[in-house]
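S.K.: predicted model and sequence below, questions to follow.
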Protein chains: 2
Amino acid sequence: MSISSRFTVGVHILTLIELNKDGISSSEFLAGSVNTNPSLVRKIMGMLKKAGLIEVQPGIAGAKLAKEPATISLLDVYKAVDVVKEKELFSLHDNPHPDCPVGRNIQDSITPILSAAQFALEKVLGNVTIEEVLKDIVEKENNNS
Amino acid sequence: MSISSRFTVGVHILTLIELNKDGISSSEFLAGSVNTNPSLVRKIMGMLKKAGLIEVQPGIAGAKLAKEPATISLLDVYKAVDVVKEKELFSLHDNPHPDCPVGRNIQDSITPILSAAQFALEKVLGNVTIEEVLKDIVEKENNNS
DNA sequence: TTAACCTGTATTTATCTTGATTACATGTAT
DNA sequence: ATACATGTAATCAAGATAAATACAGGTTAA
C-alpha cells in the first residue's frame, strides 16, 4: 500500500505554478505537465485552495500561489490533499479479544509508537519548502544544459 | 490510505507468543486474541517465519520466537510482513511530461525527500522492540488490577 | 494404522480506495 | 451571445485488503 499520488501531484502543481508565475497556469496546462486529466487537477486545486495555498477564481483561467513559496512546506501540501487521516497512517485490527492481556492492551501500547513514527515522517516533510524543490529543479536544468 | 493491519497484527502475534511462551500458541489461539480467522494468522506467521522471527513446524501446534524478544524490533516486523515496498510508501504519478522543466525533474527532486521521510518513520519503528511492547502491556495490567 | 489435529497455501468473495473519464452547472470575458 | 475556465458530482475499472472456505501434507496419539 502506498500514499496517494495526490500528494506528489500537489507538489508538482505548486512548483509549476511558481515556475510559471508570469504565465497562466490553467488546469489544462498543469494537467499536461503532470500527465493526467484536468478534472483531477481541479480537484486537487480545490483542496489546495481550501488550505489557503493557492488562489483560483471560477471562470478565470490560472492559479497563483497564495503565499510565498518559501513558506509552503511539503507537509502543508500533504495535509491539504488529505492523503492520510490524522493518526491513521497505520491501521489497527478491530476488536482484539478483551479476555487476553495482549488483546486488551495492545492498541494502547503501540498507538503512541505509531503516532511517533508518523510524526517523524511528517517532520521531514515539514522541513522542505516548495521554493527548495523549485530551486533544485532549476539547478538540475542548468547542469544538463 | 493506510498501512495494512498485517503489521500491527504481526506485532500482536509476536507479543502474545512471548507472553504465552510456556503454553502452545496455535494459529487458532492467536486468532482468538486478535479477533480474526486462523487462516490470516497462518499467512502472517508464514511471513514472520520466512523472516526468521518465529519457529513453526507443519503439523506441530504452536509457534515460538526464533530470537530473543529484545532483539526483534517493530521495524523487523514491518519489513517481514511486507506492508510497504522499499521506497514506495509515497506514490509518484507516472510519466510526467518531459517537455516541461518541472515534469522532467520533479521525480528526481522529491524522491530523496520522500525516502528520507520514509526512513525517519522506519527509524522510530526500529527503536522499539517486542520486549518493550510486552513490558508495557504487563505494566498496564498491573496498574489496572 | 487410523483418527484427530495442525500448518501451509490457494481460491473466492465483498468491500474500499484510487485515478480516469465524462458531464454539466456556474462564473468570466470578449 | 459565444467561448472558455473553474467547481463538483457521478460513474467506472483496477488494485489491495481481509474474511471465509477448502484441502494437501505433516505429526501425534490411541
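M.R.: Structure received. Numbers count the residues shown, from 1 in each chain, chains lettered A, B, ... in the order given.

S.K.: which bits of chain A sit near DNA strand D?
M.R.: Proximity of chain A to DNA strand D (CB under 7 Å from any atom of the strand) is limited to residues A:1, A:26-28, A:38-39, A:42-43, A:45-46, A:49, A:56-63, A:91, A:93. C-betas here are computed from N, CA, C, even on glycine.

S.K.: buried subset of those as a ChimeraX selection?
M.R.: To isolate the buried members of those in ChimeraX, using 16 or more other CB atoms under 10 Å in any protein chain shown:
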select /A:26,27,38,42,45,49,56,62,63,91,93
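
S.K.: show me the residues of chain A next to DNA strand D that map onto strands.
M.R.: Residues of the residues of chain A next to DNA strand D located in strands (DSSP state E): A:56, A:57, A:60, A:61, A:62, A:63.

S.K.: show me what contacts the last one?
M.R.: What it means is residue A:63. Shown in contact with residue A:63 (CB atoms under 8 Å, 6 or more residues apart in numbering or on different chains): A:13, A:17, A:25, A:26, A:30, A:45, A:49, A:54, A:55, A:56.

S.K.: okay if I get the ones in strands among the residues of chain A next to DNA strand D as TSV plus distance to DNA strand C?
M.R.: Output for those, formatted as TSV (distance: CB to the nearest atom of the strand, whole Å):
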residue	distance to DNA strand C
A:56	11
A:57	6
A:60	5
A:61	8
A:62	11
A:63	14
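
S.K.: let me know the closest of the residues you listed to residue B:144.
M.R.: For these, the residue nearest residue B:144 by CB to CB is residue A:56; the value is 53.4 Å.

S.K.: OK, contacts around the closest one?
M.R.: Residues in contact with residue A:56, defined by CB under 8 Å, 6+ apart, are A:45, A:49, A:62, A:63, A:64.

S.K.: which residue in these has the weakest pLDDT?
M.R.: Note: of the contacts of residue A:56, the lowest pLDDT belongs to residue A:62, at 90.

S.K.: excluding its backbone neighbours, what's nearest it?
M.R.: For residue A:62, ignoring the flanking residues on the chain, the nearest one in space by CB to CB, 6 or more residues apart in numbering or on different chains is residue A:24 at 3.9 Å.

S.K.: burial of that neighbour, as a residue count?
M.R.: 11 (other CB atoms under 10 Å in any protein chain shown).

S.K.: tell me where chain A has helices.
M.R.: With helices called from DSSP state H, chain A shows them at A:6-19, A:27-34, A:38-50, A:74-80, A:101-126, A:130-143.

S.K.: check whether the longest one contacts chain B.
M.R.: Yes: using CB under 8 Å from any CB of the partner chain, we find that helix A:101-126 touches chain B at A:101-103, A:105-106, A:108-110, A:113-114, A:116-118, A:120-125.

S.K.: ok, and which of the helices of chain A has the densest surroundings?
M.R.: Ranked by mean neighbour count, these are led by helix A:6-19 with a mean of 26 (mean count of other CB atoms under 10 Å in any protein chain shown).

S.K.: so residue A:33 touches residue B:105, yeah?
M.R.: No: proximity of residue A:33 to residue B:105 does not meet the contact threshold set by CB atoms under 8 Å, at 11.0 Å.

S.K.: residue nearest the centroid of chain A?
M.R.: residue A:78 (2.7 Å; CA atoms, centre = their mean).

S.K.: would you check that it makes contact with residue A:8?
M.R.: No: between residue A:78 and residue A:8 no contact is recorded; they are 9.7 Å apart, counting by CB under 8 Å.
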